[in-house]
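> how would this look folded up:
(chains A and B)
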Amino acid sequence: MTALPDPAPGRRLGLVIDLDTCVGCQACVVACKEWNGGGPAGPLGDLEPWGAAPSGAWLNRVHGFEVGEGEAGRTVYFPRSCLHCENALCVTVCPTGASYKRAEDGIVLVDESKCMGCGLCAWACPYGARELDRPSGVMKKCTLCVDRIGDERLPAAEREPACVATCPARARHFGDLADPDSAVSRLVAERGGVELLAELGYRPTNRYLPPRPGRRLAASAERLEDAPAEGGFLGWLDRLLGG
Amino acid sequence: MRPAASLLLFTTLSGAGYGLLAVWALLGLAGVLPPEPLAGAVGLVPAILLIGGGLLASTFHLARPDRAWRAFSQWRTSWLSREAVAAVATFAPALVLAFGWLLGGRVPPLAAFLSAAGAGLTVLCTGQIYATLVPVPRWHQPLTTPVFLAMALASGATLAVLLTAALGSGTSAAGLTALVALPLAWGLKLLWWRSGDRAPPRATAAAAIGLAGETPARLVEPAHSAGSWLLEETGFRVARRHAARLRRLALSFGLGLPWPLLALGLLAGGRWTLLLALPAVLAKALALAIERWLFFAEARHMVGLWYGEAAV
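Have a look, this model is predicted:
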């Protein structure tokens, strides 16, 4: 059923992504593709995987931006995946009932056995979170690794999405954003986590932590002084080295 | 947005078909057209063929057309589902009308009314599919659905002039409808183009990466080296000067040519109506194809913000 859950889910599982520490290494992109190549989201087909122009379905993409001008400029890597919106237009536009938002935790999923591949949900998502798998003709999207986070055979510490588990910079965090005491909610409060394109009204669950203000070495560091020629240890060393 | 052939064919053919169905049903209901089998067949058969052809074309847009039947299930929330339901439901009164008129020699009034209403509702749903898409600002504006409705009426009425002229009955009523509907449709389209051109951007690249205060943001490392399905769908571009030229062509062929042709034909009467309505219909068809192609080609999706667009 493509109606959104009413009342809204009590839990809001999602990601908090730290734009300060993300180094754009693409490890989360690859881990996502690998994990979700099988399981409920898989397969994620590729066209021409070894050809000149390989293309395929990926559920997570990292874009490298340059922000600001001149000395204030900095590089910001932006990982982009489904934000599991509360007001998910991708769900309500679905004509077949394939797209749905889980009532218990707010995860937005696709029942691939019902998807007719019309692509309207991808058009309805401003964040570009959905990609069609061309070999199978059905829509793919981030599942928050439902097959990991809910798998009780895994040690508790491993019950997190593949992208979070693999991130070497610890830039990705997973948790319940409806619970104000959860680690992710505290992180959002502490760092001023941003709701992406909030003015569009989708009410995304995921939050992005803005980069911390940069430290400017050029402005604050003192210049090195020349070694005094007249004496002292450095003067002696200078003379010895033929200065 | 990519102008997919399936969607161009579907929206133009079905739009014209529903317009023709509505005009023909109402002319029959008003008693302008005689309740004779031939009078019914001349309008209803092409209308139903256009609608059916368009609907068939729409299934080519689906990656899994074998599951198209599921699209009838989500009418509570989805305009696409409502469109599917309305399109198929309209066949019921349309077929009752056709059988009554073609075989029974009478125009069943309720079926005629419901055919026209169903035609209007279906086109309204088509418009709403696009009008409710927030990520495509050019589509997400209040005039999108009225433009679809007026275009369907104008194309249907233009066709109706040709067909009533061939039939030799009801030409004045069909002609007046076309002469009113054509300027209405293209006037709305001009307003729609203008409001789309003048609308300030809804979002910037900086806002798309959560740094709305820190402008500007420039893409320096693309996320992937080759294409993707999503970029093919949403990344279509048309040069502004080409778009401007195509708009002028659409307007000339859609209004500038057919309106005087139809008006002259109606004034001259007799065989002239038919002779001049034929080029009018052809010009209008060409204009509709250009207009619908531009509808997709000029529309930009917010996904572009992560792929090098400064603002959408």
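
> what segments of chain A are helices?
Under the criterion DSSP state H, helices of chain A are mapped to A:27-35, A:89-92, A:120-124, A:146-149, A:162-166, A:183-191, A:217-220, A:232-240.

> closest to chain B out of these?
Among those, the nearest to chain B by CB to the nearest CB is helix A:89-92 (4.2 Å). Bear in mind the C-beta positions are built from the backbone N, C-alpha and C, glycine included.

> so which of the helices of chain A is nearest B:G28?
Ranking those by their distance to B:G28 (criterion: CB to CB) puts helix A:120-124 first, at 35.5 Å.

> which secondary structure elements does that closest one contact?
When contacts are defined as 3 or more CB pairs under 8 Å, 6 or more residues apart in numbering or on different chains; DSSP states H and E, helix A:120-124 packs onto helix A:89-92, helix B:229-234.

> re the thing from before, need the helices of chain A in a markdown table (columns: mean neighbour count and mean pLDDT).
As requested, the helices of chain A are exported to a markdown table (neighbours: other CB atoms under 10 Å in any protein chain shown; pLDDT from 0 to 100):
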| stretch | mean neighbour count | mean pLDDT |
| --- | --- | --- |
| helix A:27-35 | 20 | 97 |
| helix A:89-92 | 24 | 98 |
| helix A:120-124 | 25 | 98 |
| helix A:146-149 | 18 | 96 |
| helix A:162-166 | 22 | 97 |
| helix A:183-191 | 16 | 98 |
| helix A:217-220 | 7 | 57 |
| helix A:232-240 | 11 | 80 |
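
> so which bits of the stretch 201-312 of chain B are right by chain A?
B:202-203, B:205-211, B:214, B:216-224, B:226-230, B:233-234, B:301-303, B:306-307 (CB under 8 Å from any CB of the partner chain).

> which of these fall in helices?
B:205-208, B:229-230, B:233-234.

> farthest pair within those?
B:A206 and B:W229 (26.5 Å).

> quick revisit: closest one to B:A166 among the helices of chain A?
Across these, the minimum distance to B:A166, taken as CB to CB, is reached by helix A:120-124, at 39.1 Å.

> now do that closest one: everything it contacts.
For helix A:120-124, contacts defined as CB atoms under 8 Å, 6 or more residues apart in numbering or on different chains pick out A:89-91, A:93-95, A:99, A:110, A:128, A:130-132, A:139, B:1, B:78, B:80, B:129, B:133-136, B:230, B:233-234, B:301.

> burial measure for the nearest residue to A:A8 once chain neighbours are set aside, as a count.
Nearest residue to A:A8, sequence neighbours excluded (CB to CB, 6 or more residues apart in numbering or on different chains): A:E86, at 5.9 Å. By other CB atoms under 10 Å in any protein chain shown, the residues close to A:E86 number 19.

> and B:W229, by the same measure?
21.

> model confidence at it, what's the number?
At B:W229, the model reports a pLDDT of 96.

> surely it touches A:G128?
No. Using CB atoms under 8 Å, B:W229 is not in contact with A:G128; the gap is 10.8 Å.

> picking up where we left off before, counting neighbours, which of the residues of the stretch 201-312 of chain B next to chain A end up buried?
The neighbour-count test (16 or more other CB atoms under 10 Å in any protein chain shown) applied to those identifies B:202-203, B:205-211, B:214, B:216-217, B:219, B:223-224, B:228-230, B:233-234, B:301-303, B:306-307 as buried.

> chain neighbours aside, what residue packs nearest to residue 132?
Here I'm looking at chain A. Spatially, and ignoring its direct neighbours in sequence, A:L132 is nearest to B:W229 (4.7 Å; CB to CB, 6+ apart).

> actually chain B
B:W79 (6.1 Å).

> near that neighbour, how many other residues are there?
By other CB under 10 Å, neighbour count at B:W79 equals 25.

> now the one 3 residues further on
Around B:R82 sit 23 other residues, with neighbours defined as other CB under 10 Å.

> can you tell me the closest non-neighbouring residue to the most centrally placed residue in chain A?
In chain A, the residue lying closest to the centroid (CA atoms, centre = their mean) is A:P79, at 4.0 Å. For A:P79, ignoring the flanking residues on the chain, the nearest one in space by CB to CB, 6+ apart is A:V62 at 4.8 Å.

> pull the residues that contact stretch A:23-36.
Outside stretch A:23-36, the residues that reach it (CB under 8 Å, 6+ apart) are A:42, A:44, A:58-62, A:64, A:75, A:77, A:79, A:81, A:140, A:142-143, A:145, A:148, A:161-169, A:171-172, B:221, B:223.

> residues touching the residue nearest to the centre of chain A, list them.
A:17, A:22, A:28-29, A:60-62, A:163, A:171-172.

> rerun that using 7 Å as the cut-off
A:17, A:22, A:28, A:60, A:62 (CB atoms under 7 Å, 6 or more residues apart in numbering or on different chains).

> any idea how far B:I209 is from the last one?
Read it as A:V62. In this view, A:V62 and B:I209 are 11 Å apart by CB to CB, to the nearest Å.

> sticking with the nearest residue to B:F10 once chain neighbours are set aside, tell me its helix or strand.
Spatial nearest neighbour of B:F10, chain neighbours left out: B:S58 (3.8 Å); criterion: CB to CB, 6+ apart. Here B:S58, judged by DSSP states H and E, is contained in helix B:37-59.

> packing partners of that helix?
In terms of contacts (3 or more CB pairs under 7 Å, 6 or more residues apart in numbering or on different chains; DSSP states H and E), helix B:37-59 is packed against helix B:5-9, helix B:15-29, helix B:79-102, helix B:144-167.

> most tightly packed of these?
helix B:15-29 (a mean of 28; mean count of other CB atoms under 10 Å in any protein chain shown).

> any weak-confidence spans in the stretch 151-300 of chain B?
By pLDDT under 70, the low-scoring segments of the stretch 151-300 of chain B are B:214.

> can you map out the strands along it?
B:217-221 (DSSP state E, counting those that start in this stretch).

> show me what residue of it gets nearest to chain A.
Per CB to the nearest CB, B:E221 is where the stretch 151-300 of chain B lies closest to chain A, at 2.7 Å.

> kindly report the same for the stretch 51-200 of chain B.
B:A63 (2.6 Å).

> so what's that residue up against?
By CB under 7 Å, 6+ apart, the neighbours of B:A63 are A:117, A:132, A:137.

> so where does it fall, helix or strand?
Using DSSP H and E, no helix or strand contains B:A63.

> what about the nearest residue to A:G150 once chain neighbours are set aside, how many neighbours?
In space, A:G150 comes closest to A:R159 once its chain neighbours are excluded; the distance is 7.4 Å by CB to CB, 6+ apart. A:R159 has 16 neighbouring residues, counting by other CB under 10 Å.
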